[in-house]
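My questions are about this predicted structure, shown below with the sequence.
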Amino acid sequence: MKNQTLSYSLLVPAEGVTTVMNFVGTLTFGTTVADVFGENAVYPIPTAPRSVTVEMLQAAHLSWSAPVTTGVVAYNIYRSVNGGPYEFLASTTNPTYTDKWVSSGNNYAYEVTAVNQVNDEGPASRPTAQVSIAAMDVRESEDFNYGGGQYPGYQNCPAAIEAPDATTIGTPQQYDFFHASVDGPNLYRPANATPDGVGIETVEEADDPGVFHTNIGWVNVGSWYRYTYNVPQAGWIKLEFRVAVAGSGTLAAYWDEVLIGTVSYGTGNWHIFNWYLMEDQIQTTAGVHTLRVESIAGGVNFDKHAIQWNAAPPSRKSIWADDFESYATTADVFSPTNGKWTRGNTTNTAGSWALWDTSTPLGGESGNIPAMDGNYMVADSDLSGAGILLDEEMLSPEIDCASYTKLRGSFNYNYRIYDDPEHTQDAEVDIRVFDSGTGWSGWTNLFHLDTSDVPSALDPPMLSGTQVYDLSAYDGKKIQLKFHFFNAMYDYWFAFDKVVVSGVQEAVGPPGADITLDNGSVTITWTTFGAGQYTVEYTADLRGTWTQIAGPITQTSFTHAIPADKTGFYRIVGQ
């Protein structure tokens, strides 16, 4: 008997299909009836990604919201240089991409498409505006306060000495760096000392053969580097870091010794460098200030950093956040008037979610555990008493994300286990969305850990860090998060801290905006959206540059003389 090819004909609606369609069937051959084997799903061709924007600093940072279509597994990025044709640049599975292959003097524009599980590519997004490299104050990271690329060991740069105390930072003028070492002394570099060369290396870029540069290498967690700047004018500042790491890592930035934000990264190779934008921003005054950059997770090879003075205010805003610092007791967290968190399923309130802090012992060990800062929430089976199998849920308040796009969620976590196959425990974070017509959806899993996820070589057996999730599929919706710890008896814990849901208020003219023509003019009207302030933009070519022609305005109507060529496009941008 030879193989026979079977084909199926399915009637699929021509429009409106945005979700995966499952089908089932049977095959009858003589007296034999069997299930149809093979692919049993039809994936819709993806719609275009939404709200595609690009922020150009030293690299082009693209971001977008996921299409409304389900089944998307990847995105293709296309680039136009100086108005030329759009050419394929890269693919990614994330709704963000950084194009580091840009150069001064050129203009760049981008389009993004979505790809489904059977490799169908959808239509391109609306092209971004044309952008070019921004003017920034760029410094080689080994050049502290001496100018001209001078680094430890170069001419009169100070030497390093063993640190008297790894936690001592000193005055802004006292030290330039603290270089943490696991193999030797922890080294400060104080002022007015003799040359040396701590941590400085020259490397060839792995993805740019023949290009060599000097960077600070072998940077362990806890190392920090301080720079002095004479700020030319008051205003917002924006930071960008050029780094490399084989796995993943995080830098923290301090402005005048006040923490202003963190940036996480991962380039896949110690000699592949890329620019990473820190989305957190700060306003500053003119005059002398210090920037201190510290490695807080994963290590780093640190090449350059750049500062944009008088930058635009941040577009990403925190919609809802909780770091648990405002609560005095566990009851406060679950109070309807304070935290507004609620318990879901619970088997034992004593061992269920409890407010803890880093100064209090936890299960006979130190409560000062990685990724937790000050107060945090923890479910620990050792607190529950004997013989109780925990199944504990903790639900966030309902989070209304109306008028926000590019939603993102993040939280810090610490997951500690017994390295013993007899012990099992699961930790999860889920999300659900509210629809005005059907109510709350079921829960969708975002995060899952069990004991098999913890490498046996870890001592102690513990995973910790920051989890960041794209939630753009829920743009403009009301959502709720659930933290869940279960299958735990006589086990360790799941702790979390610093929960944030953020988004961008950058909505482009709402669906249903009306346009009327009369006596050589065009009038555009729209309904209120975003924060209630708008700019009106015009372009004669969708692949060209958008020009602002009005705004910010608070009215929801605008009249404009029709251009002489009678062609053009308008958009309303909410602020």
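Cool, got the structure. In this text, all values refer to a predicted model and were calculated from it rather than measured experimentally.

going forward, measure contacts and count neighbours with C-alpha atoms only.
Noted.

so how far is stretch 284-294 off the chain centroid?
Offset of stretch 284-294 from its chain centre (CA atoms, centre = their mean, to the nearest Å): 24 Å.

oh, I was asking about stretch 221-230
The answer for stretch 221-230 is 23 Å, by CA atoms, centre = their mean.

Go ahead and name everything in contact with stretch 221-229.
Residues outside stretch 221-229 that contact it (CA atoms under 8 Å, 6 or more residues apart in numbering): 144-145, 172, 175-180, 287-299.

Quick one: residues contacting Pro49.
Taking CA under 8 Å, 6+ apart, one finds Trp64, Ser65, Ala66, Pro67, Val112, Thr113, Ala114, Ala124, Ser125 in contact with Pro49.

Now rank those residues by neighbours and give me the top one.
Ala114 (30 neighbours; other CA atoms under 10 Å).

tally of neighbours for Pro552?
Neighbours of Pro552 under the rule other CA under 10 Å: 15.

Settle this for me: it is touching Glu537, isn't it.
No: using CA atoms under 8 Å, Pro552 makes no contact with Glu537, being 10.9 Å away.

Please list all residues in contact with the residue most central in space within the chain.
Among the residues of the chain, the one closest to the centroid is Val468, at 5.5 Å (CA atoms, centre = their mean). Val468 makes contact with Arg408, Gly409, Ser410, Phe411, according to CA under 8 Å, 6+ apart.

any idea how far it is from Ser410?
4 Å (CA to CA, to the nearest Å).

what does the domain assignment say about this structure?
Using automatic domain parsing, the domains assigned to the chain come out as 1-134, 137-314, 319-503, 514-574.

got JSON lines for the ones you listed, with mean pLDDT too?
Shown next, in JSON lines, are these (pLDDT from 0 to 100):
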{"stretch": "domain 1-134", "mean pLDDT": "84"}
{"stretch": "domain 137-314", "mean pLDDT": "80"}
{"stretch": "domain 319-503", "mean pLDDT": "91"}
{"stretch": "domain 514-574", "mean pLDDT": "76"}
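
In strands only, show me the contacts of Val468.
Arg408, Gly409, Ser410, Phe411 (DSSP state E).

Now for the residues you listed: which two are most distant?
Largest separation among the ones in strands among the contacts of Val468 by CA to CA: Arg408 and Phe411, giving 10.5 Å.

is it fair to say Thr70 lies in a strand?
No: under DSSP: H, G, I helix; E, B strand; the rest coil, Thr70 falls outside any strand and is assigned coil.

dump the residue contacts of it.
Thr18, Thr19, Val20, Tyr43, Pro44, Pro46.

Just say helix, strand or coil for the second one.
In other words, Thr19. Of the three states, Thr19 takes coil under three-state DSSP.

I'd like to know how far the spatially closest residue to it that is not a sequence neighbour sits from Gln117.
Distances taken as CA to CA, 6 or more residues apart in numbering put Thr70 closest to Thr19, at 5.0 Å, once the chain neighbours are dropped. According to CA to CA, Thr70 stands 10 Å off from Gln117.

Identify the contacts common to those two.
By CA under 8 Å, 6+ apart, the residues touching both Thr70 and Gln117 are Tyr43.

Serialize the contacts of Val468 to TSV and add fields for neighbour count.
Shown next, in TSV, are the contacts of Val468 (neighbours: other CA atoms under 10 Å):
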residue	neighbour count
Arg408	21
Gly409	20
Ser410	18
Phe411	20
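
related to what we said a few turns ago, please identify the helix or strand for the residue nearest to the centre of the chain.
strand 462-470 (DSSP states H and E).

State the next helix or strand along the chain beyond that strand.
Downstream of strand 462-470 (by DSSP H and E), the next one is strand 478-488.

for the helix or strand following that following strand, the distance to its chain's centre please.
Using DSSP H and E, the helix or strand that follows strand 478-488 in sequence is strand 493-504. Distance of strand 493-504 from the chain centroid (CA atoms, centre = their mean) equals 12 Å.

helices or strands next to the very next helix or strand once past strand 493-504 in the packing?
Per DSSP H and E, the first helix or strand lying C-terminal to strand 493-504 is strand 514-518. Identification of packing neighbours for strand 514-518 by 3 or more CA pairs under 8 Å, 6 or more residues apart in numbering; DSSP states H and E yields strand 521-525.

Let me see the ranges of the helices in the protein.
Along the chain, the stretches classed as helices by DSSP state H are 330-333.

Now do the buried residues in stretch 314-330.
By 16 or more other CA atoms under 10 Å, the buried positions in stretch 314-330 come out as Arg316, Ile319, Trp320, Asp323, Phe324, Tyr327.

same question, stretch 435-442
Buried, per 16+ other CA under 10 Å, within stretch 435-442: nothing.

again with stretch 331-342
Buried residues in stretch 331-342, counting neighbours by 16+ other CA under 10 Å, are found at Asp332, Val333, Phe334, Gly339, Trp341, Thr342.

Next, the contact list for the first one, please.
Residues in contact with Asp332, defined by CA under 8 Å, 6+ apart, are Asn338, Gly339.

swap the cut-off to 10 Å and go again
By CA atoms under 10 Å, 6 or more residues apart in numbering, Asp332 lies in contact with Phe324, Ser326, Asn338, Gly339, Lys340, Trp341, Leu355.

phi, psi of the fourth one?
For Gly339, the backbone dihedrals (degrees, to the nearest 10) come out as phi -80, psi -40.

coming back round to it: which residues are in contact with both of Pro552 and Glu537?
Common neighbours of Pro552 and Glu537 (CA under 10 Å, 6+ apart) are Val573.

quick check, nearest of the contacts of Val468 to Ser456?
Phe411 (24.6 Å).

Much appreciated, bye for now.
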